[in-house]
Structure formats: C-alpha cells, structure tokens
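Peer 1: what follows is a predicted structure for the sequence shown.
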Amino acid sequence: MKIFYSEAQRGHDPAFEVFDGGKRVPYLESPERMDRILKKLRAAPWAEIDAPRDFGLDPIRAVHSEMYLKFLASAWTEWRAAQPPDDSAPEATALLPATFAAKRDQMPESILGRAGFFLLDLSVPIVEGTYAASLTSANCALSAAEWISSSNANHPSFAFALCRPPGHHAGREIAGGYCFLNNAAIAAQWLTQFGRVALLDVDYHAGNGTQDIFYSRADVLTISIHANPSFEYPYYAGYATETGAGEGRGFHCNLPLPAATDDAAYLQTLERALENIAAYRPTAMVVSLGMDIYKDDPLGTFKITREAIGEIGRHIRALRLPTAVVMEGGYNTDALGENVVEFLQNFV
C-alpha cells in the first residue's frame with residue numbers, strides 16, 4: 001500500500017495547549033503520534049512509504065480563502081515582530097489569542113485580533129513551523145488522491161496519507177481542533193475533476209470544517225459518524241438536522257452517536273453510511289480516519305475495540321472504490337500504531 005509522509009511535518013510542535021477549564025497541558029497532537037504509526041508501518045511488509053510531491057497552492061486555494069492562507073503564512077513572523085523577544089517565557093513559544101470572534105464581520109488590524117478571527121479555539125497554537133508543516137500535510141493528502149485517481153471500481157487503488165497536523169476541523173477560513181488546513185477536503189476537491197466524490201469521516205469528533213467547506217455542494221457527498229456534539233467538541237456543528245443547503249441539500253449527513261457507543265452500534269451506523277455512499281455512486285472516496293474512536297483514547301468516550309477498527313476497514317474496503325485514507329485524530333499513543341495498521345491492512 002502506498003503511504004505518503006514527510007519529516008517536514010514535525011515542524012509543527014507547540015510546547016503546550018490550553019485545555020478545557022483553562023489548564024495548560026503538553027500538546028496532545030505531538031510528533032510522537034507519527035513516530036508510533038511509522039514504527040508499525042515500517043514493520044508491515046505491505047507498506048511502501050514515499051514523500052509527497054509539492055502541488056503548489058492552487059489545490060489549497062480551491063478549499064481555503066486567500067485571506068486565511070495569507071494569515072497562516074505570516075502570523076508567526078508578524079506576532080514575533082510585535083512581541084518583546086523573551087524566549088525564556090513559555091507563552092513566547094506560540095501564538096494564541098485571548099479573544100475570539102463571536103461575530104465575523106470586522107477584521108482587526110492587530111495580529112492578536114486577526115488570530116482571534118481565524119482561530120476557533122486554544123488547541124491551534126501557531127509556532128514557527130506550523131504553516132510549512134500544514135502545507136506538507138496537505139501535499140500528503142493530495143499525493144494520496146493522485147495515486148488513486150487513475151483507478152476505478154474494477155481495479156481500485158488505495159493510499160494512506162499520514163497527515164500531521166490533521167485537518168477535518170479546519171473550515172474555509174478557520175483553524176480549530178489541532179487542524180489548520182483541511183487535508184481530506186483538499187484531496188476530495190482535487191478528485192472532483194474526475195467525477196463525484198464521497199468523503200466519509202470516522203473520527204470521534206464531528207468534521208465541522210469539512211461540513212463548512214462542502215455544505216452547499218452536491219458533487220461531494222460528506223458523511224460524518226461522530227460523538228453527539230450536544231456533549232462533545234465541536235459542540236456547534238455535527239447535528240443530524242444539518243443536511244446541507246442550496247444545491248447541497250441532502251448531500252451532507254451527520255450521524256451523531258451517544259457516549260459509550262460500542263462495536264455493534266458503531267458498525268450498524270457505518271452500514272447506513274456506506275449504503276448512502278453506494279447509492280451516490282461516486283468515482284472515488286476519501287476517508288478521514290480518526291483513531292480517537294478507540295476505547296482507551298483520552299479524548300473519546302466510545303468503546304470501540306481494535307477488532308472493530310479492523311471491521312470498519314473491511315466494510316469500507318468492500319465498496320470497491322478508489323480510496324484515499326487521510327489521518328486525523330487518535331491520542332492513545334501506545335495503541336495508535338497498531339490501530340492504524342489494523343485498519344489499513346484490509347486495503348492491501
């Protein structure tokens with residue numbers, strides 16, 4: 001199986017994030033996550049790991065606004081220029097605003113004001129390497145999309161984009177939930193040049209950024225299976241009543257689940273999602289893969305076993321669609337590599 005990864009993705013390495021209740025904690029979306037996955041992949045005889053190619057900014061501009069991309073590109077240097085150079089202080093290591101935009105109809109001039117406009121929460125600190133790592137992560141997803149683009153249902157190809165930072169919480173012009181560029185959405189958008197695309201999100205948290213990007217479109221069917229946002233991040237999107245708008249009405253489907261969802265309930269919901277995808281008859285599929293559905297994940301409440309993670313992979317593979325799998329969440333580092341391999345080996 002072709003896998004795309006780059007060491008440049010290590011450049012995003014904040015020292016901390018601000019967790020629920022204002023507690024400062026070590027950054028959970030750390031390079032160690034990739035180390036654990038890579039270790040298991042390199043031991044798998046079927047894994048062929050390549051560097052991504054650079055697609056330039058055009059495929060990213062097709063998903064994210066120019067204003068937002070300019071902010072990501074310049075935020076660190078602007079903020080550092082505006083701050084006293086005191087690198088001994090922990091707060092000097094990352095840009096995080098104290099004020100967030102409740103209304104998005106005014107653009108402040110100050111870098112902290114613009115940070116509050118473009119950043120959704122306190123899990124997206126910007127450091128010196130954030131933008132470059134995010135671009136490389138997007139190129140991993142694009143490389144996976146390109147790899148599968150020449151195949152079809154008779155001879156489908158599969159690829160895995162080992163993306164970091166992840167992407168599905170990033171909207172058209174907002175970062176959140178560890179995500180800066182929406183890798184899966186960028187891959188799906190690129191694949192629309194060949195026909196209709198299905199994007200299935202199996203991360204524990206709702207893919208609010210993906211919903212934002214494709215909500216008014218019919219050429220990308222988006223389905224997200226996730227913890228009910230009535231009690232779980234991102235709280236303000238991911239409800240079953242949100243089904244698309246305009247031309248996209250009926251082409252977005254949220255399947256929220258309760259806390260403590262077990263294997264049987266999850267697989268039953270997955271079957272409903274896969275039936276919808278089969279009826280849509282896409283030419284290709286993108287999967288946002290979150291391993292925070294696992295029963296021992298520190299950020300999840302589901303009770304999904306490793307065996308069920310393998311079943312999820314088998315069910316998705318049974319659609320026989322060219323599929324690009326894009327890495328999203330998963331924060332139990334001890335189990336992360338084995339869980340990813342358990343899912344991917346079904347596509348070999």
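Peer 2: Okay, I see it. Numbers count the residues shown, from 1 in each chain.
Peer 1: give the buried residues for stretch 306-325.
Peer 2: Judged by neighbour count using 16 or more other CB atoms under 10 Å, the buried positions of stretch 306-325 are 306, 308-313, 316-317, 319, 321-325. No exception for glycine: its C-beta is placed from N, CA and C like everyone else's.
Peer 1: and it, C-alpha only, in PDB?
Peer 2: C-alpha atoms of stretch 306-325 as PDB (Å, rounded to 0.1, in the frame of the first residue of the first chain):
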ATOM      1  CA  ARG A 306      -9.200  -2.900  17.900                       C
ATOM      2  CA  GLU A 307     -11.100  -5.800  16.300                       C
ATOM      3  CA  ALA A 308     -14.000  -3.500  15.400                       C
ATOM      4  CA  ILE A 309     -11.500  -1.000  13.900                       C
ATOM      5  CA  GLY A 310     -10.400  -3.800  11.600                       C
ATOM      6  CA  GLU A 311     -14.100  -4.500  10.800                       C
ATOM      7  CA  ILE A 312     -14.600  -0.800   9.900                       C
ATOM      8  CA  GLY A 313     -11.700  -1.100   7.400                       C
ATOM      9  CA  ARG A 314     -13.200  -4.300   5.900                       C
ATOM     10  CA  HIS A 315     -16.600  -2.700   5.500                       C
ATOM     11  CA  ILE A 316     -15.200   0.400   3.800                       C
ATOM     12  CA  ARG A 317     -13.000  -1.700   1.500                       C
ATOM     13  CA  ALA A 318     -16.000  -3.800   0.400                       C
ATOM     14  CA  LEU A 319     -17.300  -0.800  -1.500                       C
ATOM     15  CA  ARG A 320     -14.500  -1.300  -4.000                       C
ATOM     16  CA  LEU A 321     -14.000   2.400  -4.600                       C
ATOM     17  CA  PRO A 322     -10.600   4.000  -5.200                       C
ATOM     18  CA  THR A 323      -9.900   5.300  -1.700                       C
ATOM     19  CA  ALA A 324      -7.500   7.800  -0.100                       C
ATOM     20  CA  VAL A 325      -7.300   7.400   3.600                       C
END
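Peer 1: ok now it, how far from the chain's centre?
Peer 2: Relative to the chain's own centre, stretch 306-325 is displaced by 17 Å; criterion: CA atoms, centre = their mean, to the nearest Å.
Peer 1: what do you get for stretch 226-236?
Peer 2: For stretch 226-236 - counting by CA atoms, centre = their mean - the centre lies 16 Å from the chain centre.
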